[in-house]
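# Any chance you could fold what I've pasted below:
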Amino acid sequence: MTIFSNSRTLQAHDRARRGFLGTGLALGTAGLIMWPEARLLAQQVGDFIEGAPMPDIAPIQLSKHVWTIFAADGFPTQENHGMMSNVTFVVTSAGVVVLDSGSSVQIGRMAIRMIKKVTPLPVIAVFNTHVHGDHWLGNHAFAEAYGEQLPIHALAGTMKEIQGYEGSLWRSLMERWTNQATAGTKVVPPNTEVKHGQTMQFGDITLKLHFYGKAHTSADLCVQVVQDKVTAVGDIAMANRIANIDDGSYPGTFKYFKELAVAAGDQLWLPGHGEARHDLLETYGKFLAGIWEPCLQAIKDGKSEAQAKVMVLADPRVASRATTMQGFDSNIGKYTSLAYLEAEKEAF
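All right, here's what the predicted structure looks like:
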């Protein structure tokens, strides 16, 4: 497991960590009353160890004010340092607004370096679209650089989950998936609640906030950059992979797409994963319908989940993406099963 590029530095920190932990164990055997202090010390040592810096990824300008640092890889690995989701920023006359901060403190710091190449203006706000850690663990870097009072915005449901168990869980998961490449990242939850329909002015730019119920998760925020006709949709739609819908809803997603399209009009839709497209909601919605509708029909016809999967794989809306979509083979079974279970509730 490689954390530091300098092997001697790594060995030194490992020796220090073992020494601290050994001291903690000795204190624990001497008296249980000392164990909380030893545990805190061990935690502090663990926080000191950090993964290597994230290599720079040049931002791409999507519109007059909107730039995105695209994540080329669909899933977190040690090689990509957990860079699996896009980090977007909006350059306003008052400062920079960040839409999703990335998967780690290392990625957040890289994003800050890239922002500084575009503008000397400071970051004045961050938005987190939903609870999944690849979209907010980078908060640590922005709070570190711009102060703990930096407004980090999210829906109430997202704030509550990150402040609770989900926050710590996502930190641990990302470290495991990347073989500790994201080590050193701290949980910095959103600190400013926002609501559906809210408009916020940042200098010459207006942001309009959208939320239409359960879709990818129970609280998915979409952020519309009004002047540029660009809307960041988080993970409710993806360009070329199946969105995790374990905590979401198929019919809820279709409802969200419909209401968002009506409210925002023609937009360049920017997903959390993949490139922006004007037809993103249409193309991704078509794919999801190719999973959902066969499962709903299978329930109505009294067919099993296995039979429903055969129907899904034969549906041209799904079959046309089978050889090109990232993670298709490893995920289609799971998301067919989720669709089948939800279809059972919907049908009855």
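# can we go C-alpha only for contacts and neighbour counts from here?
Fine.
# who's in contact with the closest residue to residue 218 other than its chain neighbours?
Distances taken as CA to CA, 6 or more residues apart in numbering place residue 248 nearest to residue 218, at 6.2 Å, with adjacent residues excluded. Taking CA atoms under 8 Å, 6 or more residues apart in numbering, we find residue 248 in contact with 214-218.
# now do the same end-to-end measure for stretch 80-88.
18 Å (CA to CA, to the nearest Å).
# and if you look at stretch 305-325?
23 Å.
# State the mean pLDDT of stretch 70-85.
Averaging the model's pLDDT scores along stretch 70-85 yields 90.
# Next: stretch 228-245.
Here the average pLDDT along stretch 228-245 is 94.
# and what of stretch 90-102?
98.
# Same check on stretch 178-194?
pLDDT averaged over stretch 178-194 gives 97.
# Just the buried residues of that stretch, please?
178-192, 194 (16 or more other CA atoms under 10 Å).
# and which of the residues you listed is nearest to residue 239?
Each of the buried residues of stretch 178-194 was checked against residue 239 using CA to CA; the closest is residue 178, at 23.1 Å.
# so where do the strands sit in this structure?
Ranges of strands within the chain are 60-61, 66-69, 87-92, 95-99, 123-127, 152-155, 192-194, 199-202, 205-210, 222-225, 230-234, 268-271, based on DSSP state E.
# and the ones you listed as a markdown table, adding distance to residue 243?
Formatted as a markdown table, those follow (distance: least, CA to CA, whole Å):
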| stretch | distance to residue 243 |
| --- | --- |
| strand 60-61 | 23 |
| strand 66-69 | 20 |
| strand 87-92 | 17 |
| strand 95-99 | 19 |
| strand 123-127 | 20 |
| strand 152-155 | 20 |
| strand 192-194 | 24 |
| strand 199-202 | 27 |
| strand 205-210 | 19 |
| strand 222-225 | 15 |
| strand 230-234 | 10 |
| strand 268-271 | 11 |
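# ok, residue 255 to residue 213 distance?
Taking CA to CA, one finds residue 255 at 8 Å from residue 213.
# cool, residue 140 as well?
28 Å.
# Tell me where the stretch 51-200 of the chain has helices.
Secondary structure of the stretch 51-200 of the chain (DSSP state H, counting those that start in this stretch): helices at 105-118, 139-146, 156-163, 165-177.
# so can I have CSV of the ones you listed showing distance to residue 201 and mean neighbour count?
Shown next, in CSV, are the helices of the stretch 51-200 of the chain (distance: least, CA to CA, whole Å; neighbours: other CA atoms under 10 Å):
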stretch, distance to residue 201, mean neighbour count
helix 105-118, 20, 21
helix 139-146, 20, 21
helix 156-163, 20, 19
helix 165-177, 29, 18
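# So for residue 51, which of those sits nearest?
helix 105-118 (7.5 Å).
# ok, the residue nearest to residue 315 when sequence neighbours are not counted - contacts?
Distances taken as CA to CA, 6+ apart put residue 290 closest to residue 315, at 6.0 Å, once the chain neighbours are dropped. Contact analysis of residue 290 by CA under 8 Å, 6+ apart lists 312, 315-318.
# run the last query once more with 6 Å
Contacts for residue 290 (CA atoms under 6 Å, 6 or more residues apart in numbering) come out as 315, 317-318.
# Counting neighbours, which of the residues you listed comes out on top?
Using other CA atoms under 10 Å as the neighbour test, these are led by residue 318, with 21 neighbours.
# From residue 244, how far out is that one?
From residue 318 to residue 244 the distance is 16 Å (CA to CA).
# measure stretch 91-109 end to end?
17 Å.
# Other residues contacting that stretch?
Against stretch 91-109 from outside (CA under 6 Å, 6+ apart): 53-54, 65, 87-90, 121-128, 134-141, 182, 185, 202-205.
# Emit the PyMOL select command for whichever of those are buried.
The PyMOL command for the buried members of those (criterion: 16+ other CA under 10 Å) is given here:
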select buried, resi 53+54+65+87+88+89+90+122+123+124+125+126+127+128+134+135+136+137+138+139+140+141+182+185+202+205
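# ok so, going back, closest one to residue 114 among the strands of the chain?
strand 66-69 (8.3 Å).
# now that closest one: how far from the chain's centre is it?
Remark: strand 66-69 is offset 16 Å from the chain centroid, using CA atoms, centre = their mean, to the nearest Å.
# if we can go back for a sec, and the residue nearest to residue 218, what pLDDT?
At residue 248, pLDDT is 96.
# got it, and residue 327?
87.
# what about it, how many residues close to it?
With other CA under 10 Å as criterion, residue 327 counts 15.
# Check the one 5 residues further on too.
Residue 332 has 18 neighbouring residues, counting by other CA under 10 Å.
# Look up how far residue 317 lies from it.
For residue 332 relative to residue 317 (CA to CA), the value is 13 Å.
# what does residue 120 give?
46 Å.
# contacting residues around the spatially most central residue of the chain?
In the chain, the residue lying closest to the centroid (CA atoms, centre = their mean) is residue 135, at 2.8 Å. In this structure, residue 135 makes contact with 100-103, judged by CA under 6 Å, 6+ apart.
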